[in-house]
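Peer 1: I would like the atomic coordinates for the input below:
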Amino acid sequence: MSLCVTVNDEVIKVFNDMKVRKSSSTEDVKKRKKAVLFCLSDDKKKIIVEEGKWILVGDIGESVDDPYACFVKLLPLNDCRYGLYDATYETKESKKEDLVFIFWAPEGAPLKSKMIYASSKDAIKKKFTGIKHEWQVNGLDDIQDRATLADKLGGNVVVSLEGLPL
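Peer 2: The predicted structure is shown next:
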C-alpha cells in the first residue's frame, strides 16, 4: 500500500520554530510550541498540525505544571499520531534541550491507521532535519514513565527531565 502523503507547510513551520532557539523576544518564546501532535488529514493525503493539540512554552507554569504529563494526555488512545516534544533535561555535566520525534501507534488503533501512519512516517521525518531522537511508542505503558524518555535522551546520564529529578 504505497501512498503519496505530503507534509503540510504549517507542519514544517512549527518544526522550524521549535528547532531554532536563537535569541527570540520573551513574547516569541512564550508562543513557541513545547509539544505538538500531527495527524493525517481527513482524506489521508496530508500530514497536518492537529488542531488544539499542542502545549506552548508560555503555558508552562500557567495552565500547565508538568509539560510531559500534559503531552501524554494529548495522545489519543485509539489512533496513531506523530509528535514533537522539546525535552529539557539535565545530565551530570550540563542542561540540554532536544527535540524528540514520536511515532505513536497504540495497540488499540485500527490496523489501517497503523499501516498508513507507518508508511507515511518517512515523509514527515525527511522534513525534520537534524532530529537526534526518534521514539516509536505502542501504548501508555511505554510513554507514561518519564524515565523511558530520559533513557532515549541519554540513558543513565540524565538526572532530571523538565526540572523534575528522575
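Peer 1: After the longest helix seen in the chain, which helix or strand is next? Please name it.
Peer 2: The residue-count maximum for a helix in the chain (DSSP state H) belongs to helix 111-127. Going down the chain from helix 111-127, the next helix or strand is strand 133-137, by DSSP states H and E.
Peer 1: quick one: buried residues of that next one?
Peer 2: By neighbour count on 16 or more other CB atoms under 10 Å, the buried set for strand 133-137 is 135, 137. Where C-beta positions appear, they are placed from N, C-alpha and C, glycine not excepted.
Peer 1: Which residues does the next helix or strand after it contact?
Peer 2: Counting by DSSP H and E, the next helix or strand C-terminal to strand 133-137 is helix 140-143. If you take CB atoms under 8 Å, 6 or more residues apart in numbering as the criterion, helix 140-143 is touched by 72, 75, 77, 102, 104, 106, 137, 148, 149.
Peer 1: Tell me which of the residues you listed fall in strands.
Peer 2: The strands, defined by DSSP state E, take in 102, 104, 137 from those.
Peer 1: pLDDT and distance to residue 28 for those - can I get that in CSV?
Peer 2: Output for the ones in strands among the contacts of helix 140-143, formatted as CSV (pLDDT from 0 to 100; distance: CB to CB, whole Å):
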residue, pLDDT, distance to residue 28
102, 98, 25
104, 98, 28
137, 96, 30
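Peer 1: want to throw those into TSV with distance to residue 111?
Peer 2: What follows is the ones in strands among the contacts of helix 140-143, written out as TSV (distance: CB to CB, whole Å):
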residue	distance to residue 111
102	20
104	15
137	17
